[in-house]
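**Student:** okay, sequence plus prediction incoming.
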Amino acid sequence: MSAFDHDHTNDDPRISRRKVLECMTWAGTGVLWTISGGVPRSLGLVGSAQAAEPAGLTFLQISDSHIGFDKPANPNALGTLEEAIGRIKAIPVKPSFMIHTGDISHLSKASEFDDADRIISQAQLDVHYVPGEHDFIDEEVKLYRERYGRGTKGAGWYSFDASGVHFIGLVNVVDLKAGGLGNLGAEQLEWLENDLKGRSKSTPIVVFAHIPLWSVYPTWGWGTEDGARALDYLKGFGSVTVLNGHIHQVMQKVEGNVTFHTARSTAFPQPAPGTAPSPGPMKVADDKLRSLLGTASIIFKPGNESLAIIDTPLQG
Amino acid sequence: MTFASLRNLGIRCAIAAVMASQMTAARCEDSTITIDNFTFAPAQLTVKVGTTVTWKNQDDIPHTVVSAGKFKSKALDTDDSYSFTFTTAGDYKYFCSLHPHMTGMIKVE
Ligand SMILES: [Cu+2]
């Protein structure tokens, strides 16, 4: 069976909900997690988990669309983003919104941002962005800020509330120091401290940023220099979830009250830490590519402080 | 590079050659650093004053070459290159501003 036998971009109202669920089951090698009191518990594979109607806040994460990338690892990054958005449109229960954890573009070109906007807007969801280093390449670093930075502070950080959850978008791709990792900087950290001050410790917090805030693999720059300072401010909150992109693969870690989770890219996979000479785009067999790309949806159920994270590859 | 700057370079090289008269082969060879697998190769390079160093990105990911206050390339896409001519002796530490764990050094004598 080819990947395209099951590929449906679902503008077609004749595609029944049951059919969609069948497809999801087929696509679903991802796992649904529920996180209670900082302990992740697997609820099963995406397909079956998706069949259970989520009650509560559901939001989606997409990441690293790298529009403009055209190398062998995936000559058609625009096409696979389109596929991902097609799948998002097919989710039976419409998520509340979407977050994009950066590297929207590959070279920060206006045309790349245009293409990304055109495709992503087809999901008809509000999208909350944070920039990746590829979105800050233009000389004056203004294209990202003009498009996505309205109402944000500094280089583009902000927070908002939804269904009792406090969301914080951080920027850790600016002002990077030689030999260093991702960087938040003093100004942003001060803002974060103030943003959290006086907030009830029972407020569930979701932090999202491009580069992991935790040390995934510093040898490849996969971490944030002053990430520990940010995590310090989040101590004492009952439920903290940190979402990021940048490393183009699923990774999860629980540390005390904090759950860290990285999303797949919709453009190209990257190797597991230390398994290749560099973190560059990983060329895989054409029929395997879509199993390494994908999106994540996160379900928050008020009352029981649990988050369920569903990673959905473009193809199982 | 313009003709004038080539000529300047020629003159500077000649001076460098005279200053380095004890050396039998005092040539002014321009140097190339390749960027492969998120690494500058060679990571350390010693050149004579007047040398033009060219960085060439052979990765599928863009990189930059930045030496604080000294030189700064734009983002180099695959196969793009950037050149800088060193006219003053010294140690020039540089890095990729997109992937700061990538560092290198040019020693200009
Ligand atoms: Cu780089």
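**Tutor:** Nice, I can see it. Given the structure is predicted, the values throughout are model-derived calculations rather than measurements.
**Student:** need the helices for chain B, in chain order.
**Tutor:** Along chain B, counting by DSSP state H, helices occupy B:3-19.
**Student:** which residue lies nearest the spatial centre of it?
**Tutor:** B:Val53 (2.6 Å; C-alpha atoms, centre = their mean).
**Student:** which residues does that residue bridge with?
**Tutor:** On the basis of DSSP bridges, B:Val53 is bridged to B:Ser31, B:Phe84.
**Student:** these two touch, right, it and B:Phe40?
**Tutor:** No. The criterion here is C-beta atoms under 8 Å, and B:Val53 misses it with B:Phe40 at 10.7 Å. Where C-beta positions appear, they are placed from N, C-alpha and C, glycine not excepted.
**Student:** shared neighbours, those two?
**Tutor:** Common contacts of B:Val53 and B:Phe40, defined by C-beta atoms under 8 Å, 6 or more residues apart in numbering or on different chains, comprise B:Ile33.
**Student:** can you name the residues that contact the residue nearest to the centre of chain B?
**Tutor:** B:30-33, B:45, B:47, B:83-86, B:106.
**Student:** if you set the cut-off to 10 Å instead, what comes out?
**Tutor:** The contact partners of B:Val53, by C-beta atoms under 10 Å, 6 or more residues apart in numbering or on different chains, come to B:30-33, B:45, B:47, B:65, B:71, B:82-86, B:92, B:94, B:106, B:108.
**Student:** those, buried ones only, as a PyMOL selection?
**Tutor:** In PyMOL, this line selects whichever of those come out buried by 16 or more other C-beta atoms under 10 Å in any protein chain shown:
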select buried, chain B and resi 31+33+45+47+65+71+82+83+84+85+86+92+94+106+108
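**Student:** what pLDDT does the residue of the stretch 151-300 of chain A found nearest the ion get?
**Tutor:** Distances between the stretch 151-300 of chain A and the ion by C-beta to the ion are smallest at A:Gly221, namely 8.6 Å. For A:Gly221, the pLDDT comes out at 94.
**Student:** what do you get for B:Leu6?
**Tutor:** Turning to B:Leu6, the model gives it a pLDDT of 42.
**Student:** quick one: A:Arg145 and A:Thr152 touch, right?
**Tutor:** Yes. Taking C-beta atoms under 10 Å as the definition, A:Arg145 is a contact partner of A:Thr152 at 7.9 Å.
**Student:** can you give me the strands in the chain?
**Tutor:** In the absence of a named chain, this looks at chain A. A:31-36, A:39-45, A:57-62, A:97-100, A:127-129, A:158-162, A:165-169, A:205-209, A:240-244, A:251-255, A:258-262, A:294-301, A:306-313 (DSSP state E).
**Student:** oops, chain B please
**Tutor:** Assigned by DSSP E, the strands in chain B fall at B:31-36, B:39-41, B:44-47, B:52-57, B:66-67, B:71-72, B:81-85, B:90-95, B:103-108.
**Student:** want to throw those into a markdown table with mean pLDDT and distance to A:His166?
**Tutor:** Formatted as a markdown table, those follow (pLDDT from 0 to 100; distance: least, C-beta to C-beta, whole Å):
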| stretch | mean pLDDT | distance to A:His166 |
| --- | --- | --- |
| strand B:31-36 | 97 | 41 |
| strand B:39-41 | 97 | 41 |
| strand B:44-47 | 97 | 48 |
| strand B:52-57 | 98 | 41 |
| strand B:66-67 | 97 | 36 |
| strand B:71-72 | 96 | 38 |
| strand B:81-85 | 98 | 43 |
| strand B:90-95 | 98 | 35 |
| strand B:103-108 | 98 | 38 |
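**Student:** right, and the ones you listed - which one's nearest the ion?
**Tutor:** That would be strand B:31-36 among the strands of chain B, by C-beta to the ion, at 7.4 Å.
**Student:** do the closest one and the ion meet at all?
**Tutor:** No. If you take C-beta under 5 Å from the ion as the test, strand B:31-36 misses the ion, and the best it gets is 7.4 Å.
**Student:** quick revisit: just put the strands of chain B in TSV and tack on distance to A:Leu184.
**Tutor:** Listed next are the strands of chain B as TSV, based on distance: least, C-beta to C-beta, whole Å:
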stretch	distance to A:Leu184
strand B:31-36	27
strand B:39-41	26
strand B:44-47	31
strand B:52-57	28
strand B:66-67	20
strand B:71-72	23
strand B:81-85	29
strand B:90-95	19
strand B:103-108	21
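**Student:** out of those, nearest to A:Glu83?
**Tutor:** Smallest distance to A:Glu83 across those (C-beta to C-beta): 29.2 Å, for strand B:52-57.
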